[in-house]
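Enquirer: Build the 3D model from these lines:
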Amino acid sequence: MLDPTRYACLGDLLRDAVGAQADRVCLIEANRNRENARLTYDDFRRAGDALAGALRQRGLTRGERVAIIMTNQSRWLISAYAVFVSGGVLVPLDHKLTGLEHAALLAHCTARWLIIEHHLYRQLSAADGFDDLAVAHILVTEAPASLSAPGVEAWENCTADGPPPRVDQHQDDPACIVYSSGTGGRPKGCVLTHGNYLYQCAGLMRVFELTPDDRYLSILPTNHAIDFMVGFIGPFVCGATVVHLRTLRPEFIRDALVRYRINYMAVVPMILDALKRQLTDRFAALSPVRRSLAGVLIAVNRWLTRYEPDVAISRRLLPAVHRALGGGLKALFVGGAFTEPDTLRFFYDLGIPVANGYGLTEAGTAITLNDLHPFRADTVGTPLPGTEVRIAAPNADGVGEVAVRGKTVMSGYLDDPQLTARTIVNGWLMTGDLGRIDHTGHLILVGRKKNMIVTPGGKNVYPEDIEAAFGSLEVKEFCIFASNYLWPDRGEMHGRLIMVLRPVDGDRAGQRAGVAIAATNRGLADYKRVSAYVGWLREFPRTASMKIKRDVLAGQVARSTDGPTAEIGS
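Expert: Numbers count the residues shown, from 1 in each chain. From the prediction side, this is the model:
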């Protein structure tokens, strides 16, 4: 097994990793129920080296920035490999942004090179400000023969006979500029070094080491920090196979799990909830006798795996459940947002361990991760090897701002020394998240510092903490706000907690949900009770990692409503 920390840069590590595997399949590209491509490590190396050589021939120099705007596919990973091998700095951008947003980020990072899908190029080239960008070289995938513009070339034609000479790089050199998912009017480009990624990879491999026989299902955007590491760098270093799926629809995810007998997958809570609903519906469709028997077997599995997971035992006790998810799952990884403990327990009791973690773009990928020894649904795990976590200025309950130090913390924000100085203080990354560390060293998060609500009685309330109490609410999605945050001019509502909810079909006004909220309220302290709700029929705005954009949602609600849909009865 390769030791990433012994390498100077990602390009050297990836070169050795793909060169060591040769005929093993490294990448499968699937779209719904169709397979588009299947590459061995040797296929991947030859394609990546040819592109890297061509980039150098066309003038790419050490440290130049190359942006990528593409959906999940083999060309994304081949292009990233080529950028690293040729000495460039990768700027992965979210393909779901608008052309205007892409143009703003390209202007901010001053990238001179761009690799982009044709339909996204059309969108970008029509955006205001495109002609003023510093981009001089554009490689367009799947471009029509008629495409002709200065500096624009078909990606498929950009090849050379072999790789460029090795480029001298160091662990402290920038490897990527990653725009944090919360980027809005003020771009925040996190400058992540080769060392950040090398040590992150080493830390994750010490907790969960993939083998060459493992298959990883990649469904999250490759530009995002989570899948970039655990769906590209990590599997390639371990010699595993990555299956790219170009859809998030639950039925196609489950089909891919079965078809490719997937062993690992990283998800966000929303996808985990969808899989849970599918399994719950299957249980509900069983006859009473079979449903009762399933309950007994689940209870037996819970008892036998109470100290640590044992997938072999779980598969024997609950074979139908495991066959429905491919029969090969060893673990799921979840992060990006808060995951309900009940959801984690649901999967664990079925013998499908879910390792939940916590991380920030500014810290590479993961800061903490549950190793499942023992299983803990109430925490986000312990710090990865080489990472330190402390609680800054804790209150009487031990709750304070989570601070992180280690070799995975970014070097700073691009061209923003003031913001960098406010964020990294005396070597510690101030995350803006609030939490506490228990006696076992596990981190328990309670919410975002900026989201904290102070009630008229002086109590500190964290929306995320209250949302956890409503985890079983039958709605499509929901979010809790302070009333004065939604409607600042409604002084008579100051300090009240309002739930914005998207009802399930058939409950358009959210009336059934309102009854359920009232029932849950009765088990909460007075200052944690939701007093009213807003029925919202549109999808919630989300980041690339599927976190709800609370500030954007609040603005939409404020502009569209002047008060709650209904009060919550006692």
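
Enquirer: By residue count, which strand of the chain is the longest?
Expert: Determined from DSSP state E, the single longest strand within the chain is strand 428-437.

Enquirer: Give me the next element, helix or strand, following that strand.
Expert: Next helix or strand after strand 428-437 toward the C-terminus (DSSP states H and E): strand 443-448.

Enquirer: contacting residues around the helix or strand residue 120 falls within?
Expert: Counting by DSSP H and E, the element that carries residue 120 is helix 118-125. Identification of contacts with helix 118-125 by C-beta atoms under 8 Å, 6 or more residues apart in numbering yields 69-70, 95, 98-99, 102-103, 116, 130, 138, 140-144, 147, 149, 152. Every residue, glycine included, has its C-beta placed from N, CA and C.

Enquirer: can I assume residue 202 is in contact with residue 6?
Expert: No. If you go by C-beta atoms under 8 Å, residue 202 and residue 6 don't touch, sitting 9.3 Å apart.

Enquirer: re earlier: other SSEs contacting the longest strand of the chain?
Expert: strand 387-392, strand 400-406, helix 417-423, strand 443-448 (3 or more C-beta pairs under 8 Å, 6 or more residues apart in numbering; DSSP states H and E).

Enquirer: Can you say which of these is nearest to residue 179?
Expert: helix 417-423 (13.3 Å; C-beta to C-beta).

Enquirer: how distant is the helix or strand following that closest one from the center of its chain?
Expert: Remark: after helix 417-423, the chain's next helix or strand is strand 424-425, criterion DSSP H and E. Relative to the centre of its chain, strand 424-425 is centred 24 Å away, using C-alpha atoms, centre = their mean, to the nearest Å.

Enquirer: Direction included, what does strand 424-425 pair against?
Expert: strand 428-437 (antiparallel) (DSSP bridges).

Enquirer: Next, the angle from the strand it pairs with to strand 387-392.
Expert: 70 degrees (axes from the mean of the first three to the mean of the last three C-alpha atoms, to 10 degrees).

Enquirer: And strand 428-437, what's buried?
Expert: By 16 or more other C-beta atoms under 10 Å, the buried positions in strand 428-437 come out as 428, 429, 430, 431, 433, 434, 435, 436, 437.

Enquirer: just to revisit the earlier point, filter the contacts of helix 118-125 down to the ones in strands?
Expert: The strands, defined by DSSP E, take in 69, 116, 138, 140, 141, 152 from the contacts of helix 118-125.

Enquirer: surely residue 57 meets residue 160?
Expert: Yes. Residue 57 is within contact range of residue 160, at 5.6 Å (criterion: C-beta under 8 Å).

Enquirer: And for stretch 105-117, what's in contact with it?
Expert: By C-beta under 8 Å, 6+ apart, the list of residues contacting stretch 105-117 from outside reads 55, 60, 64-71, 75, 79, 88, 91, 93, 95, 97, 124, 129, 132-142, 155, 177, 179, 183, 187, 189, 414-415.

Enquirer: what stretches of the stretch 101-250 of the chain score poorly on pLDDT?
Expert: Across the stretch 101-250 of the chain, the ranges flagged by pLDDT under 70 are 181-185.

Enquirer: which residues in it form helices?
Expert: With helices called from DSSP state H, counting those that start in this stretch, the stretch 101-250 of the chain shows them at 118-125, 194-207, 225-228, 234-238, 250-259.

Enquirer: Need the winner for burial among those helices.
Expert: Counting by mean count of other C-beta atoms under 10 Å, helix 225-228 has the highest mean neighbour count of those, with a mean of 26.

Enquirer: how far out from the middle of the chain is it?
Expert: Mean C-alpha position of helix 225-228 versus that of the full chain (C-alpha atoms, centre = their mean) differs by 6 Å.

Enquirer: what's the answer for stretch 221-236, then?
Expert: Using C-alpha atoms, centre = their mean, the offset of stretch 221-236 from its chain centre is 9 Å.

Enquirer: Next, the distance between the ends of that stretch.
Expert: With C-alpha to C-alpha, to the nearest Å applied, stretch 221-236 spans 17 Å between its terminal residues.

Enquirer: one step back: so which of the helices and strands packed on strand 428-437 is nearest residue 198?
Expert: Each of the helices and strands packed on strand 428-437 has some distance to residue 198 by C-beta to C-beta; the shortest is strand 400-406, at 12.5 Å.

Enquirer: The very next helix or strand once past that closest one - contacts with which helices or strands?
Expert: Note on strand 400-406: by DSSP H and E, the next helix or strand toward the C-terminus is strand 412-413. Using 3+ C-beta pairs under 8 Å, 6+ apart as the contact criterion, the elements in contact with strand 412-413 are strand 189-193, helix 417-423.

Enquirer: Out of the helices and strands in this structure, which is least certain?
Expert: Within the chain, no helix or strand scores below strand 453-454, which has a mean of 71 by mean pLDDT, DSSP states H and E.

Enquirer: next structured bit after it?
Expert: strand 460-461.

Enquirer: List the buried residues for the following helix or strand past that following strand?
Expert: Heading C-terminal from strand 460-461, the first helix or strand you meet, by DSSP H and E, is helix 463-469. Going by neighbour count (16+ other C-beta under 10 Å), the buried part of helix 463-469 is 463, 464, 465, 466, 467, 468, 469.

Enquirer: CSV for those residues, including pLDDT and distance to residue 170?
Expert: As requested, the buried residues of helix 463-469 are exported to CSV (pLDDT from 0 to 100; distance: C-beta to C-beta, whole Å):
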residue, pLDDT, distance to residue 170
463, 83, 43
464, 79, 39
465, 77, 43
466, 84, 47
467, 85, 44
468, 81, 44
469, 84, 49
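
Enquirer: so which of the residues you listed comes closest to residue 531?
Expert: residue 466 (11.7 Å).

Enquirer: ok, now which ones touch that closest one?
Expert: Per C-beta under 8 Å, 6+ apart, neighbours of residue 466: 480, 497, 524, 528, 530.

Enquirer: One more: residue 98?
Expert: Residues near residue 98 by C-beta under 8 Å, 6+ apart: 123, 127.

Enquirer: The same query, at a cut-off of 10 Å, please.
Expert: 104, 123, 124, 127 (C-beta atoms under 10 Å, 6 or more residues apart in numbering).

Enquirer: and the two most separated of those residues?
Expert: 104 and 123, at 13.6 Å, using C-beta to C-beta across the contacts of residue 98.

Enquirer: Need the overlap of contacts for those two.
Expert: 97, 98.

Enquirer: Would you map out the domains in this protein?
Expert: 9-25+38-196, 268-449, 452-567 (automatic domain parsing).

Enquirer: Out of these, flag the one nearest residue 229.
Expert: domain 268-449 (4.3 Å).

Enquirer: Quote the end-to-end distance of the closest one.
Expert: In domain 268-449, first residue to last residue: 22 Å (C-alpha to C-alpha).

Enquirer: Ok, stretch 280-288 next?
Expert: The separation between the terminal residues of stretch 280-288, taken as C-alpha to C-alpha, is 14 Å.

Enquirer: Averaged pLDDT, it. What do you get?
Expert: Averaging pLDDT along stretch 280-288 yields 91.

Enquirer: For that stretch, give me every contacting residue.
Expert: Residues from elsewhere that reach stretch 280-288 (C-beta under 10 Å, 6+ apart): 290, 291, 292, 293, 294, 295, 298, 320, 321, 324, 346, 350.
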